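Visitor: Coordinates for the following, if possible.
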Amino acid sequence: MNSSELKKLIEGIPKAELHLHIEGSFEPELMFEIAKRNNKEIPYKSVAELKNAYKFNNLQEFLDIYYAGANVLITEQDFFDLTWAYLTKVHSQNVVHVEVFFDPQTHTDRGIAFDVVITGIYKALEKANKELNISYKLIMSYLRHLSEEEAFKTLEASIPFKSWIDGVGLDSSEKGNPPSKFEKVFKASADHGYKLVAHAGEEGPSEYIWEALDILNVDRIDHGNRCLDDEKLVQKLIKDNIALTLCPLSNLELKVISKMEDHPVAKMLEKGILATIHSDDPAYFGGYMNENFYETAKALNLNKDQIKQLAINAFEASWLSNEDKAKHISKVENYFNK
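Guide: Down below sits the predicted model:
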């Protein structure tokens, strides 16, 4: 396949996105617009200067800019606009189901009420469901560089909105913040009926993936790149059908890999791991779903069957009902059989 055939193939695939931080979809143009509306300063003079700052050496450098950007979000309308911009963008890329992370603590720590944040996000998700036919699940993430006690406060704040939230996750600075630090709050979250996921094995070691599985009892691992360091772990992931939500362009930008050709997703598929591809923080990492699929397929020379498998795996790994999964998977199959 030449590059234009590959692009065309990828554009037409019905896709599910399972690893997306809504605050990480904050495009510079919208950031400036909302900053102006709220009379907030951004430490950059222009959209171009801000985009030039998106060159990161590691996860922490990215997080510093990510949190600075989130500072301009204040009103329910801001959170609605942020979420709606993401949803209209992915709708144009044939994404039909999203499972979106949001970071309440990024906002509540600076005095923005939990209900303001979630209401804006929820209204945009509902509008996209009705108008764009995008189904969704909402995942509330705990920030791992903060304490478990802080995470418990976030859990308490979420209870009145339980019917809007499908699960909890664990994100932010991985190194030195193992999943085991959050054992109690994950158990309490499960008791409230939330599904569980956690970022593990992106910058942290394979041991963090074990902890997320054995101590937090997660349903799925976000990232999980480092699982290949441990064959016993690989076998467990396969046996228990644990999905990994990989983010290739993010891995490249944050120096988790030095070049796209080093990305482990093809090896994972070969071994039979339920590997999937997503965009993580697309505004910062140079690409949404189609770009992630395209750059990965091009660099690793993936064939049509591997690309199809990645698309199917995402629906398999989603929190949709079995009936809905089957519907979407059959659409993917039909698309590739055309």
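Visitor: The stretch 101-250 of the chain: helices as residue ranges?
Guide: 104-108, 114-131, 148-158, 183-191, 206-214, 231-239, 248-253 (DSSP state H, counting those that start in this stretch).
Visitor: Just say which of the ones you listed is most tucked in.
Guide: helix 248-253 (a mean of 25; mean count of other Cβ atoms under 10 Å). Quick note: C-beta positions are derived from backbone N, CA and C, even for glycine.
Visitor: Alpha carbons only: can I get that helix in CSV?
Guide: This file holds the C-alpha atoms of helix 248-253, laid out as CSV (Å, rounded to 0.1, in the frame of the first residue of the first chain):
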residue,chain,number,x,y,z
PRO,A,248,2.3,5.6,19.8
LEU,A,249,2.7,9.3,19.0
SER,A,250,2.6,10.1,22.7
ASN,A,251,5.3,7.5,23.3
LEU,A,252,7.4,9.1,20.6
GLU,A,253,6.9,12.7,21.9
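Visitor: count of residues packed around Lys89?
Guide: The number of residues packed near Lys89 is 16, by other Cβ atoms under 10 Å.
Visitor: That one is in contact with Tyr288, isn't it?
Guide: Yes: with contact defined as Cβ atoms under 8 Å, Lys89 reaches Tyr288; the gap is 6.1 Å.
Visitor: sorry, back to before: would you turn the helices of the stretch 101-250 of the chain into CSV with distance to Asn71?
Guide: Output for the helices of the stretch 101-250 of the chain, formatted as CSV (distance: least, Cβ to Cβ, whole Å):
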stretch, distance to Asn71
helix 104-108, 9
helix 114-131, 13
helix 148-158, 18
helix 183-191, 25
helix 206-214, 29
helix 231-239, 37
helix 248-253, 21
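Visitor: now those in TSV, with distance to Glu33 and mean pLDDT?
Guide: Shown next, in TSV, are those (distance: least, Cβ to Cβ, whole Å; pLDDT from 0 to 100):
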stretch	distance to Glu33	mean pLDDT
helix 104-108	18	97
helix 114-131	15	98
helix 148-158	28	98
helix 183-191	35	98
helix 206-214	37	98
helix 231-239	42	98
helix 248-253	24	97
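Visitor: I figured Leu254 was touching Asn58, is that so?
Guide: Yes: assessed by Cβ under 8 Å, Leu254 is found in contact with Asn58 at 6.2 Å.
Visitor: between the two, who's got more neighbours?
Guide: Shown here are Leu254 and Asn58; by other Cβ under 10 Å, Leu254 has more neighbours (23 against 13).
Visitor: Could you measure from the more buried one over to Asp280?
Guide: 9 Å (Cβ to Cβ, to the nearest Å).
Visitor: How about Leu155?
Guide: From Leu155 to Asp280 the distance is 24 Å (Cβ to Cβ).
Visitor: circling back: and the helices of the stretch 101-250 of the chain: which comes nearest Lys7?
Guide: Ranking those by proximity to Lys7 (Cβ to Cβ) places helix 248-253 first, at 15.3 Å.
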